[in-house]
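Enquirer: Need coordinates for the following:
(one chain, ligands or ions: 1)
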Amino acid sequence: MAKILDFQNVSLERGERTILHNITWTTHTHENWAILGLNGAGKTTLLKLIHGDMWPTTGRLEVLGGVFGHTSIPELQRKIGWVSTALQDALHVGERVEKIVLSGKFASIGVYEHYTAADMAQAKQYLEQMGGSALIGKRYATLSQGERQTVLIARALMARPQLLILDEPCNGLDLFARERLLQHVAQLAAAPDSPALLFVSHYTEELLPCFQNVLLLRDGQIVRQGTRAALLNQAVLSDFYPAPIQTATLSGERLAVYPQ
Ligand SMILES: Nc1ncnc2c1ncn2[C@@H]1O[C@H](COP(=O)(O)OP(=O)(O)OP(=O)(O)O)[C@@H](O)[C@H]1O
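Expert: Below is the predicted model of the structure:
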């Protein structure tokens, strides 16, 4: 299996501070990973490294076959989709939903390039795949947070990324909107042409079984990495979190964690 990410002893320093310490982590095609960590654990910094927005201070980093220092970052970035709420600020929110999705093909925020009928059909198909058919024709600015996330994922898919980063995609979603989004993410993961998924979250209950692998990040260090079966349990998570927790198993192999 080809590698998607290969971190070898990667550290990242800013001034006096080491934000990421000695990260050694390898992922492969057809593996979907979830990254779990509290506020300030280093999740966003790790994503910025993967996306080539930051560089390792020490260590070797290979993403999608390109070794940092020897690869074109803009080319790498075209192969990575990154869905985060931060992206919304850069969109032309007055634009209609299908145009926003279409713009993902050109990795641009507005649609300035010429597009074909096939491109538009593809945009609508990704919207449908993510459960957003009813949004076609609406203006992005009028959508709810859950609907916006649907659009942003469809938009990211338009560039046919090899790696799709879902950076806390459930932020701001109500109970039901969150569930709908998660179920569509699971369907995406099951599709034969799905990109490798990297799902970042604060909450174990969002980690659906399609995320077979989990990285536990604390204070810029990997505490554990492995299968969800090995890591998503009371014993491991009690060790991981800095304060006592209790867990509850939900239906669909999901685990909820609460402070004790
Ligand atoms: N450019 C920077 N210079 C100095 N410190 C930074 C920089 N970027 C991040 N940090 C610090 O590194 C730590 C990790 O930040 P990061 O944003 O990666 O955490 P996170 O896990 O994404 O947190 P959250 O869940 O709150 O989004 C934090 O303490 C943050 O203040």
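Enquirer: ok, Asp119 - contacts?
Expert: Residues near Asp119 by C-beta atoms under 8 Å, 6 or more residues apart in numbering: Leu102, Lys105, Met158. To be clear about C-beta, it is placed using only N, CA and C from the backbone, and glycine gets the same treatment.
Enquirer: Next secondary structure after the helix or strand hosting it?
Expert: Taking DSSP states H and E as the definition, Asp119 sits inside helix 117-129. Using DSSP H and E, the helix or strand that follows helix 117-129 in sequence is helix 145-158.
Enquirer: what's the neighbour count on the closest residue to Gly52 other than its chain neighbours?
Expert: Distance criterion C-beta to C-beta, 6 or more residues apart in numbering; nearest residue to Gly52, sequence neighbours excluded, is Ile73 at 3.9 Å. By other C-beta atoms under 10 Å, 14 other residues sit near Ile73.
Enquirer: try Pro259
Expert: Pro259 has 8 neighbouring residues, counting by other C-beta under 10 Å.
Enquirer: Say whether the ligand is contacted by stretch 163-182.
Expert: No. Judged by C-beta under 6 Å from any ligand atom, stretch 163-182 and the ligand are separated, with a smallest distance of 7.2 Å.
Enquirer: Next, give phi and psi for Leu91.
Expert: For Leu91, the backbone dihedrals (degrees, to the nearest 10) come out as phi -80, psi 160.
Enquirer: Quick check, it in contact with Tyr140.
Expert: Yes. Taking C-beta atoms under 8 Å as the definition, Leu91 is a contact partner of Tyr140 at 6.4 Å.
Enquirer: list the residues that contact both of these two?
Expert: Ile100.
Enquirer: Looking at those two, which is more packed in?
Expert: More crowded of Leu91 and Tyr140, by other C-beta under 10 Å: Tyr140, with 22 against 18.
Enquirer: Report the separation between the more buried one and Gly252.
Expert: As for Tyr140, its distance to Gly252 is 31 Å (criterion: C-beta to C-beta, to the nearest Å).
Enquirer: what's the spacing between the residue nearest to Gly52 and Phe106?
Expert: In terms of C-beta to C-beta, Ile73 sits 18 Å off from Phe106.
Enquirer: How about Cys210: what's its closest non-neighbour residue?
Expert: Here the residue nearest Cys210, using C-beta to C-beta, 6+ apart, is Ala189, at 3.8 Å.
Enquirer: ok, which stretches of the stretch 51-200 of the chain are strands?
Expert: Secondary structure of the stretch 51-200 of the chain (DSSP state E, counting those that start in this stretch): strands located at 58-63, 66-67, 80-83, 163-167, 196-201.
Enquirer: Direction included, what does the second one pair up with?
Expert: Looking at strand 66-67 with DSSP bridges, its paired strands and their directions are strand 58-63 (antiparallel).
Enquirer: mind listing what's buried in the partner strand?
Expert: For strand 58-63, burial by neighbour count (16 or more other C-beta atoms under 10 Å) applies to Gly59, Leu61, Glu62, Val63.
Enquirer: Pretty sure the first one sits against Asp6.
Expert: No. No contact is recorded between Gly59 and Asp6 when judged using C-beta under 8 Å, the distance being 10.5 Å.
Enquirer: neighbours of the nearest residue to Ser144 once chain neighbours are set aside, just the number please.
Expert: Using C-beta to C-beta, 6+ apart and skipping the chain neighbours, the partner closest in space to Ser144 is Ala177 (6.9 Å). Neighbour count of Ala177, defined by other C-beta under 10 Å: 17.
Enquirer: So for Ala177, what's the pLDDT?
Expert: pLDDT, the model's per-residue confidence, is 94 for Ala177.
Enquirer: And Asp89, by the same measure?
Expert: pLDDT, Asp89: 69.
Enquirer: quick revisit: okay if I get the strands of the stretch 51-200 of the chain as CSV plus mean pLDDT and distance to Ala154?
Expert: Formatted as CSV, these follow (pLDDT from 0 to 100; distance: least, C-beta to C-beta, whole Å):
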stretch, mean pLDDT, distance to Ala154
strand 58-63, 98, 23
strand 66-67, 95, 26
strand 80-83, 94, 10
strand 163-167, 97, 11
strand 196-201, 97, 15
